[in-house]
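Engineer: for reference, the sequence and a predicted model appear below.
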Amino acid sequence: MSKIEDFGRPEILTLDSYVPGKPIEEVEREFGITGVIKLASNENPLGPSPAVIESLKEAAPSVFNYPDSNCFKLKKEIAPLFGLSADHFVFGNGADELIKMIGETFLNPNDEIIYGWPTFSEYIFVSKLMGAKPCAVPLRDFRYDLKQIAEQVSERTKLIFICNPNNPTGTIIDKQEMEAFLEMIPSDIVVVVDEAYYEYVSDPRYSSAVELIDNNRTIVLRTFSKAYGLAGLRIGYAIASPEIAALLNRVREPFNVNLLAQEAAVIALRDQSHVRQSKELVDEGKRYLYQEFERLGLDYVPSETNFIFVNINRDSKEIFTALLKEGVIIRTGDIFGYPNYIRVTVGTPEQNKRFIVCLERVMK
């Protein structure tokens with residue numbers, strides 16, 4: 001008698017389920033506590049712009065209608081900000097869906113993708129889903145090793161994923177490095193630059209890869225989940241040449257971005273002061289956390305994002321569980337191959353102080 005898994009595609013049996021950060025409600029139920037804070041998923045502790053919340057209230061009565069499948073209003077709003085045409089943009093149900101769309105567009109069985117490790121696990125997921133081979137190149141000093149990635153390229157390489165800034169390390173690739181790297185890569189390989197944390201970068205050497213899209217086969221990914229505070233609405237976008245964007249649209253599901261997400265994104269783009277305020281909060285929080293990590297004798301990776309990768313010199317899963325009991329959710333480093341590290345999102349000043357107090361307590 002056939003087993004139920006025999007009915008599925010063999011590729012799906014190679015997939016590991018994505019493990020999200022624990023929800024606040026789950027932790028409160030599990031430990032019988034209240035007032036839990038979540039510093040695990042790199043969300044914006046300020047939430048969305050107040051103008052966004054008002055726009056959602058106004059748009060709510062319209063949810064009986066299907067959304068605009070082509071995101072016309074949103075494209076009209078965003079294109080001038082980049083000096084590009086609407087044909088350069090593809091919107092998705094979060095950047096996750098866009099990564100999947102890229103795989104569906106370009107990958108065949110036995111193709112290869114290359115990525116630095118550790119990084120965002122969805123690159124591996126889409127590779128396995130499409131029957132392609134994921135090829136990891138270890139980070140060097142917590143940064144993407146572009147020289148080694150270029151040397152890894154073979155005739156089977158179809159996609160290269162570059163997370164810039166990188167998750168979970170918070171490190172960047174500067175403009176010169178990116179341009180030199182693209183010159184080394186054959187023109188028939190698509191390079192995907194994931195800039196989910198772009199809005200948090202302060203390093204003047206950093207430059208978005210958006211300016212490279214028309215002269216290269218480059219796709220840039222952005223999201224409204226982080227600095228814009230819209231993680232719960234699930235909306236992200238790809239920026240690419242009109243030719244590549246048209247290919248992605250061939251695999252895009254109709255109505256893949258819901259009506260409220262589109263409305264919220266339009267208003268969020270108009271309130272850049274909220275984005276600046278969000279970045280200032282993170283910059284202030286990082287200064288405080290760096291100082292406290294140094295006081296505690298803990299090494300950390302200086303970050304250009306809203307999270308910090310910290311060496312706690314012990315099993316991160318033990319610290320994770322101990323912090324849960326204190327009502328603080330962080331991310332363990334074992335899933336990234338660094339069992340003695342944790343990744344902590346920068347929160348409000350009160351949340352950051354509570355995290356440090358609890359961390360010091362459980363480490364003792």
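Structural biologist: Nice, thanks for sending it over.

Engineer: if you average the pLDDT over stretch 296-303, what comes out?
Structural biologist: Average pLDDT, stretch 296-303: 98.

Engineer: next: stretch 313-329.
Structural biologist: Averaging pLDDT along stretch 313-329 yields 96.

Engineer: for that stretch, buried residues please.
Structural biologist: In terms of neighbour count (16 or more other Cβ atoms under 10 Å), stretch 313-329 has its buried residues at S316, I319, F320, L323, L324, E326, G327, V328, I329. All C-beta atoms are positioned from the backbone trio N, CA, C, and that covers glycine.

Engineer: ok, stretch 97-116 next?
Structural biologist: 97-103, 105-107, 111-116.

Engineer: quote the end-to-end distance of it.
Structural biologist: 20 Å (Cα to Cα, to the nearest Å).

Engineer: returning to what we had before: what about the buried residues of stretch 97-116, which are in strands?
Structural biologist: E112, I113, I114, Y115, G116 (DSSP state E).

Engineer: so the third one bridges to which residues?
Structural biologist: This points to I114. C135, I160 (DSSP bridges).

Engineer: that one is in contact with I149, isn't it?
Structural biologist: Yes: using Cβ atoms under 8 Å, I114 makes contact with I149 at a distance of 5.5 Å.

Engineer: what residues are shared contacts of these two?
Structural biologist: Each of V137, I160 lies in contact with both I114 and I149 under the rule Cβ atoms under 8 Å, 6 or more residues apart in numbering.

Engineer: thinking again about what came up before, can I get the buried residues of stretch 313-329 in JSON lines with secondary structure and distance to A132?
Structural biologist: Formatted as JSON lines, the buried residues of stretch 313-329 follow (DSSP: H, G, I helix; E, B strand; the rest coil; distance: Cβ to Cβ, whole Å):
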{"residue": "S316", "secondary structure": "helix", "distance to A132": "31"}
{"residue": "I319", "secondary structure": "helix", "distance to A132": "36"}
{"residue": "F320", "secondary structure": "helix", "distance to A132": "32"}
{"residue": "L323", "secondary structure": "helix", "distance to A132": "37"}
{"residue": "L324", "secondary structure": "helix", "distance to A132": "36"}
{"residue": "E326", "secondary structure": "coil", "distance to A132": "42"}
{"residue": "G327", "secondary structure": "coil", "distance to A132": "42"}
{"residue": "V328", "secondary structure": "strand", "distance to A132": "38"}
{"residue": "I329", "secondary structure": "strand", "distance to A132": "33"}
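
Engineer: ok, P349 - contacts?
Structural biologist: Neighbouring residues of P349 by Cβ under 8 Å, 6+ apart: E284, G285, Y288.

Engineer: what's the PyMOL line that selects buried ones from these?
Structural biologist: Entered in PyMOL, the line below selects the buried ones among the contacts of P349, by 16+ other Cβ under 10 Å:
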select buried, resi 285
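
Engineer: which of the contacts of P349 fall in helices?
Structural biologist: The helices, defined by DSSP state H, take in E284, G285, Y288 from these.

Engineer: dump these into a markdown table; add distance to I342 and pLDDT as well.
Structural biologist: Formatted as a markdown table, the ones in helices among the contacts of P349 follow (distance: Cβ to Cβ, whole Å; pLDDT from 0 to 100):
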| residue | distance to I342 | pLDDT |
| --- | --- | --- |
| E284 | 21 | 98 |
| G285 | 16 | 98 |
| Y288 | 17 | 98 |
